[in-house]
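Enquirer: Let me see the structure of the following:
(chains A and B)
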Amino acid sequence: MVFIIGAISIGITFLYGCIGEILTEKSGHLNLGIPGIMTFGAAGGCVGVSLYMGGLSDPNNASWFFLILFSILTAALFAAALGAIYSFLTVSLRANQNITGLAITTFGVGLSMFLMESTVDKTYFAKASTYFVKSLPFAEKLGWFGELFLSHGVLVYLAITLALLMAWVLNKTRVGLHLRAVGENPATADAAGINVTVYKYVATCTGSAIAGVGGLFYVMDYLNGSWEYGIEAMGWLAIALVIFTMWRPNLSILGSFLFGGLYIAAEFIVGASSSQKELLKLLPYVVTIVVLIITSVLDSKENQPPAALGLSYFREER
Amino acid sequence: MQETVALELKGVSKYFGSVVANKNVDLTVHSGEILAILGENGSGKTTLMNMISGIYFPDEGQIFVGGEEVVIRSPQDAFRYKIGMIHQHFKLVDVFTAAQNIVLGVKESADYKGAYRSAFVDENGEKLTRSKCKSFFVGLKNVFTKWKKNRYKLKKVNEKVTAIAVKYGFHIDPKKKIYDMSVSEKQTVEIVKVLYRGADILILDEPTAVLTPQETQRLFDVLRRMREDGKSIIIITHKLHEVLSLSDRVAVLRKGEYVGTVETKETDEAELTEMMVGKKVTLNIERSEPKDVCDRLIVDKLNCKNREGVKVLDNVSFTARAGEILGIAGIAGSGQRELLEAIAGLQDLEEGEITYIDPKSEERVNLRHKTPLQIRELGVRLSFVPEDRLGMGLVGNMDIIDNMMLRSYQKGRSMFVDRKQPEKLAETIIADLEVVTPNTHTPVRRLSGGNVQKVLVGREISSAPKVLMAAYPVRGLDINSSYTIYNLLNRQKENGTAVIFVGEDLDVLIELCDRIMVIGSGRITGIVDGRTAKKEEIGLLMTKTEETEENLEEKEEAHE
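Expert: Numbering: from 1, shown residues only, chains lettered A, B, ... in the order given. Predicted structure coming up:
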């Protein structure tokens, strides 16, 4: 049980990053800046927490609702700002997406470190974290059911809701159809009268914002309010998860729990040395490669990345 | 015929930098007529149509729709004026179904505000007397019903698509994915897409380039039915006989300029050609009688599967003779490419033999176990022009000399490559074939399509090959350049080369080739004499196996 709850907990971090990246990739942009964006989102969330808590006369009187809402907003805003830089470079200036993404990662991580060391007051984090991990009511009274399904912080449920919502939007609505068309074949979408640039910007910035909330979750929920520079690694795993789930937000819920389980499996193996544990943490990557091999052997047209992924679009180019 | 003007252009011009794409074009299209736009490649037909459909914006001039001046800045604007374009290269999303592609970009905006307001007032605009609170909920309910009715539902789209298909006589399955479709099915989707948006003016950019004669006939029937329905149709083409059989009037463009419009009934091929080219040209290929014919290449029972395990060549046997042009006709993707690649040593075969007979020693060589390089050394040359023209044979970012060197870099003993010979060769080709290029150091990518092809074909011919395989050498070329290439092939034939020519245009195949081999679904469906063959006969042979092996065909199309 502890294992499953731990897997869900770390998995949610991946889930945020993963669905953010899916949204971005569906618009045809491979955002390798996700690790940096998640870190920066976490830093933004921390800024939000310290602003809110610091602004109160008595930090013990903090309102659960406003604390979480405010920090989510700041996290999303900071992350979306980096996403906006990325989209400006890749959509408007048509810079190489891989290089831009990697630069954003380096930039985001560095800027977060600076922010955390210079301006953020970390004293309230432990207190704030108790609000984040607060479980739903009745969790204790319902035995294993409560423990498994209701004992999580509110951000866990937000992530799952977002994933389901995204699956619905992508597959069942006109907006989703248009977004997928932009990622598959921007020239076609353009000729059909869809504003390709707007879709790309909105998808990339929204995706970044969602990933940024993942960073906040990692710090405030998973690490119980202790700032740590390990978010970048979570970001890379989130990108691997996108491939693992074959660009499907609904599948990524289960995928993230599996990744979470694999990631923490080492901790639950009795007698494993620390080097063996580090090796076991690589399992998610191995699984991703296996999925890649299977999908390429099957050669299905459906379970493929968006056809125009990584390509810049310029209307008058021939 | 009605004389209502549906669309009118006045003095429209478009420049790309210093290049004039269109200059001072005037054009009128009536409702219920088919207007053909005729012109050579690079005469600005497609640019002109792109301006009407909102892809480009004209630098000068006015556009009138239904008598009113309009500004078309984007494809959305074009839809608003009921103009729809069917592009030459299909703009479809492969992983979507036909219906999803058709509904793409359609905004069915609903008046939610009005739906909400209607809860507060009755039909006459009088304020209702019931309580505001109740009206508020009724308003919400109205908005919700409207949303539900207007919501994107694939099922509704499917039904509407089927209705359009029935009306004009299309065959379309709205649930089929694009990647499972043949070229003609994809085109149908494109046309329905435009009709779904309620277009009254349809622009078709070279719609018949990829179709078999039978499919072309079917398309023309559909277009005629649309004309009866009062729609205006603009069709871009450079096939004269199609213009004459389908259109009501013909507008001719030459080098971006508008030459004039003529009634189809009052014109003929000669006049149109003269308008198009600007001078009288004889459109006859001089086909000399084959001399000293002898077997050069014997292909025996080739079998080959592609990566998906689908049979692409099925028991293919034929003989190519020296001093003769052997034409290969077939629907795109019927195995032509695999066949040529097999001969050139680029394709793995399951079984079969390819025997090359050396002209001097009469020695028989089996090519099957030779490397591509050895085969080329024997004088078997392949020039394949793929759809994107550059994909095979030339490197776009390299200049003409470097591209020549792709064939000669292994010659010589020095560790440095010899650049002098290729340079001379490049200059000869430029001079002989009239390649338009600033100099020999211009990247091939920057040349226009026709010139790229001249470089490619010229390089292969320059080596005095014994067997020359030319696949689609005139793909997308204008009439003048095409005839230059045909004459080159004829000269090779007179020199005693065995020429294998894969072509798309059946009229040309019949005029140029001594024998025409028809391939369908990887199988030889017939070999006919080029001097006596009829187009319909070849067309029938092309589709002979299609019905029985539809699945195979589709898979190949998707693979292409």
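
Enquirer: Centre-most residue in chain B?
Expert: In chain B, the centroid-proximal residue (Cα atoms, centre = their mean) is B:Ala209; its distance is 4.5 Å.

Enquirer: Roughly how far does that residue sit from chain A?
Expert: To chain A, B:Ala209 is 18 Å away according to Cβ to the nearest Cβ, to the nearest Å. C-betas here are computed from N, CA, C, even on glycine.

Enquirer: so that residue sits in a strand?
Expert: No - counting by DSSP: H, G, I helix; E, B strand; the rest coil, one finds B:Ala209 to be coil, located in no strand.

Enquirer: dump the residue contacts of the closest residue to chain B within the stretch 51-200 of chain A.
Expert: Proximity of the stretch 51-200 of chain A to chain B (Cβ to the nearest Cβ) peaks at A:Ala192, 3.0 Å away. Applying Cβ atoms under 8 Å, 6 or more residues apart in numbering or on different chains to A:Ala192 gives the contacts A:Ala181, B:Pro75, B:Lys91, B:Leu104, B:Gly105, B:Val106, B:Lys193.

Enquirer: among those, which are in strands?
Expert: The members of the contacts of A:Ala192 all map outside strands under DSSP state E.

Enquirer: Out of those residues, flag the one nearest to B:Lys127.
Expert: Of all these, the one sitting nearest B:Lys127 is B:Val106; the distance, using Cβ to Cβ, is 36.4 Å.

Enquirer: Need the pLDDT of the residue nearest to the centre of chain B.
Expert: pLDDT recorded at B:Ala209 is 73.

Enquirer: The one 5 residues further on too?
Expert: Note for B:Gln214: predicted pLDDT of 80.

Enquirer: Not counting its neighbours along the chain, what's nearest it?
Expert: What sits nearest to B:Gln214 in space, not counting adjacent residues and going by Cβ to Cβ, 6 or more residues apart in numbering or on different chains, is B:Gly539, at 5.7 Å.

Enquirer: Check which residues of the one helix or strand the one you found maps to are buried.
Expert: Per DSSP states H and E: B:Gly539 is located in helix B:535-542. Using 16 or more other Cβ atoms under 10 Å in any protein chain shown as the test for burial, helix B:535-542 gives B:Glu537, B:Ile538, B:Gly539, B:Leu540, B:Leu541, B:Met542.

Enquirer: cool, and stretch A:176-185?
Expert: Applying 16+ other Cβ under 10 Å to stretch A:176-185 flags A:Gly176, A:Leu177, A:His178, A:Leu179, A:Arg180, A:Ala181, A:Val182, A:Gly183, A:Glu184, A:Asn185 as buried.

Enquirer: Filter these down to the ones in helices?
Expert: A:Gly176, A:Leu177, A:His178, A:Leu179, A:Arg180, A:Ala181, A:Val182, A:Gly183, A:Glu184 (DSSP state H).

Enquirer: Run through these and flag the ones next to chain B.
Expert: Counting by Cβ under 8 Å from any Cβ of the partner chain, A:Leu177, A:His178, A:Arg180, A:Ala181, A:Glu184 from those sit close to chain B.

Enquirer: Apart from its chain neighbours, what residue comes closest to the third one?
Expert: In space, A:Arg180 comes closest to A:Lys26 once its chain neighbours are excluded; the distance is 5.8 Å by Cβ to Cβ, 6+ apart.

Enquirer: List phi and psi for the one you found.
Expert: Backbone geometry at A:Lys26, expressed as degrees, to the nearest 10, gives phi -60, psi -20.

Enquirer: any residues touching the helix or strand of chain A with the lowest mean pLDDT, and which ones?
Expert: Counting by mean pLDDT, DSSP states H and E, the weakest-scoring helix or strand in chain A turns out to be helix A:143-145, with a mean of 78. Contacts with helix A:143-145, where a contact means Cβ under 8 Å, 6+ apart, come from A:Met1.

Enquirer: which parts of chain A sit against chain B?
Expert: Proximity of chain A to chain B is confined to A:172-174, A:177-178, A:180-181, A:184-185, A:187-194, A:299, A:301-302, A:304, A:307, A:315-316 under the rule Cβ under 8 Å from any Cβ.

Enquirer: Sitting in helices, which of those do you find?
Expert: Residues of those located in helices (DSSP H): A:Lys172, A:Arg174, A:Leu177, A:His178, A:Arg180, A:Ala181, A:Glu184, A:Ala187, A:Thr188, A:Ala189, A:Asp190, A:Ala191.

Enquirer: quick one on the thing from earlier: closest to B:Asn22 among the buried residues of helix B:535-542?
Expert: Scanning the buried residues of helix B:535-542 for proximity to B:Asn22, where the rule is Cβ to Cβ, the winner is B:Gly539, at 35.3 Å.

Enquirer: That closest one contacts B:Leu211, doesn't it?
Expert: No - with contact defined as Cβ atoms under 8 Å, B:Gly539 does not reach B:Leu211; the gap is 10.3 Å.

Enquirer: Can you give me the buried ones in the helix or strand B:Ala320 falls within?
Expert: For B:Ala320, the host element (DSSP H and E) is strand B:311-322. Neighbour counts using 16+ other Cβ under 10 Å place B:Lys311, B:Val312, B:Leu313, B:Asp314, B:Val316, B:Phe318, B:Thr319, B:Ala320, B:Arg321, B:Ala322 of strand B:311-322 among the buried residues.

Enquirer: Just list whatever residues bridge to the last one.
Expert: Counting by DSSP bridges, B:Ala322 forms beta bridges with B:Cys294.

Enquirer: rewinding a little: next up, phi/psi of the residue of the stretch 51-200 of chain A closest to chain B, please.
Expert: phi -80, psi 0.

Enquirer: Same question for B:Val467.
Expert: For B:Val467, the backbone dihedrals (degrees, to the nearest 10) come out as phi -130, psi 120.

Enquirer: How confident was the prediction at it?
Expert: Per-residue pLDDT puts B:Val467 at 84.

Enquirer: what are the phi and psi angles of B:Asp300?
Expert: Dihedral angles of B:Asp300 (phi, psi; degrees, to the nearest 10) stand at phi -130, psi 120.

Enquirer: Check the one 5 residues further on too.
Expert: With angles defined as degrees, to the nearest 10, B:Lys305 sits at phi -120, psi 150.

Enquirer: Tell me where the stretch 51-200 of chain B is predicted with low confidence.
Expert: Applying pLDDT under 70 to the stretch 51-200 of chain B picks out residues B:108-110, B:123, B:125.

Enquirer: Closest residue of it to chain A?
Expert: In the stretch 51-200 of chain B, the residue that lies nearest chain A is B:Gly105 (3.0 Å; Cβ to the nearest Cβ).

Enquirer: would you say B:Tyr15 is within a strand?
Expert: Yes - the assignment for B:Tyr15 by three-state DSSP puts it in a strand.

Enquirer: thought it was touching B:Asp59?
Expert: Yes - between B:Tyr15 and B:Asp59 there is a contact under Cβ under 8 Å: 5.5 Å.

Enquirer: For the helix holding B:Gly539, give the mean pLDDT please.
Expert: Mean predicted confidence for helix B:535-542 is 79.

Enquirer: Can I get it in CSV, CA atoms only?
Expert: The C-alpha trace of helix B:535-542 is given here as CSV (Å, rounded to 0.1, in the frame of the first residue of the first chain):
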residue,chain,number,x,y,z
LYS,B,535,-5.6,5.2,-75.0
GLU,B,536,-8.7,3.5,-73.8
GLU,B,537,-7.1,0.1,-74.3
ILE,B,538,-4.1,1.1,-72.1
GLY,B,539,-6.4,2.6,-69.5
LEU,B,540,-8.3,-0.6,-69.3
LEU,B,541,-5.1,-2.6,-68.9
MET,B,542,-3.9,-0.2,-66.2
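
Enquirer: same for it, what does it pack against?
Expert: Contacts defined by 3 or more Cβ pairs under 8 Å, 6 or more residues apart in numbering or on different chains; DSSP states H and E place helix B:535-542 against helix B:213-228, strand B:324-329, helix B:506-512, strand B:515-520, strand B:523-529.
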